[in-house]
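Asker: Build me a model:
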Amino acid sequence: MFTGLIETTGRIESIEPQGSGARLQVRTSLGRDLSSGDSIAVNGVCLTAIDPDETGFEADLSPATLAVTTFREMSVGCLVNLERPLRADARLGGHFVLGHVDAVGRIEVWRPDGECFWLEIAVPRELDPYLIVKGSIAVDGISLTVSALTPGRLSTQIVPFTRTHTALTDARVGASVNLEADVLGKYVARLLAARDAAGDPLPVLS
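Answerer: This next block holds a predicted model:
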């Protein structure tokens, strides 16, 4: 479980094919705070750290992960967002982020507005039911607030701190981004779908 509040960024040192998957190597000082087997969110994808040290860590990318995330398009030198899991005794900022990517979107607009930026993303239409204005979405692992919605498209405003302290400092039109809708919305949608399929009202839990 993550919050979407990025701790730091890292750089991809290598992505080496391994069978139908790959081995990822990330250079970051955060490696000194990790142990082998720890979970780590890399651009919003929950991965398992391998052989971390003061220079970084490695992680295996399964074929399923490559198929549904932006890792299949990444190359050496790419900047990535990093976040360790939420501690049970920590304050909860951002929103609940699982590190399970729902879809890949594409940046359509990256426009300055004073010191802030407007970010507009083309979103696969299957995500539309899970998005609401002023709701939360994780974009490459960053907890952001949806400012506006049209079918297949969302807008959000990026404050200077977020741009400076995340991989959005390298944002560009046409780039792909990992998207994870708010898990609360997904559970509600699933319950409503199950109710409609059964033709029964939702049970009252006590």
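Asker: nearest spatial neighbour of A103, skipping sequence neighbours?
Answerer: Closest residue to A103 apart from its sequence neighbours, by C-beta to C-beta, 6 or more residues apart in numbering: P124 at 4.5 Å. The way it works is simple: take the backbone N, C-alpha and C, and place the C-beta from them, glycine included.
Asker: Am I right that S14 falls within a strand?
Answerer: Yes: according to DSSP: H, G, I helix; E, B strand; the rest coil, S14 belongs to a strand.
Asker: My guess is it contacts Q25. True?
Answerer: Yes: between S14 and Q25 there is a contact under C-beta atoms under 8 Å: 4.5 Å.
Asker: ok, those two, which is more surrounded?
Answerer: Q25 (19 against 13; other C-beta atoms under 10 Å).
Asker: Next, the more buried one: phi, psi?
Answerer: The phi/psi pair for Q25 (degrees, to the nearest 10) reads phi -120, psi 130.
Asker: Double-check it against I12; I have them as touching.
Answerer: Yes: between Q25 and I12 there is a contact at 7.2 Å, judged by C-beta under 8 Å.
Asker: tally of neighbours for F161?
Answerer: Neighbour tally, F161, other C-beta under 10 Å: 8.
Asker: distance of it from I142?
Answerer: 11 Å (C-beta to C-beta, to the nearest Å).
Asker: Where does pLDDT dip in the protein?
Answerer: 200-206 (pLDDT under 70).
Asker: Please repeat the previous calculation with a cut-off of 50.
Answerer: 204-206 (pLDDT under 50).
Asker: If you count neighbours, what's buried in the longest helix seen in the chain?
Answerer: Counting by DSSP state H, the longest helix found in the chain is helix 183-198. By 16 or more other C-beta atoms under 10 Å, the buried positions in helix 183-198 come out as V183, G185, K186.
Asker: Tell me the one of those residues nearest E115?
Answerer: Using C-beta to C-beta, the shortest approach to E115 within the buried residues of helix 183-198 belongs to G185, at 30.5 Å.
Asker: So what does the nearest residue to the closest one once chain neighbours are set aside have for phi and psi?
Answerer: Spatial nearest neighbour of G185, excluding adjacent residues (C-beta to C-beta, 6+ apart): Y130 at 4.5 Å. With angles defined as degrees, to the nearest 10, Y130 sits at phi -100, psi 0.
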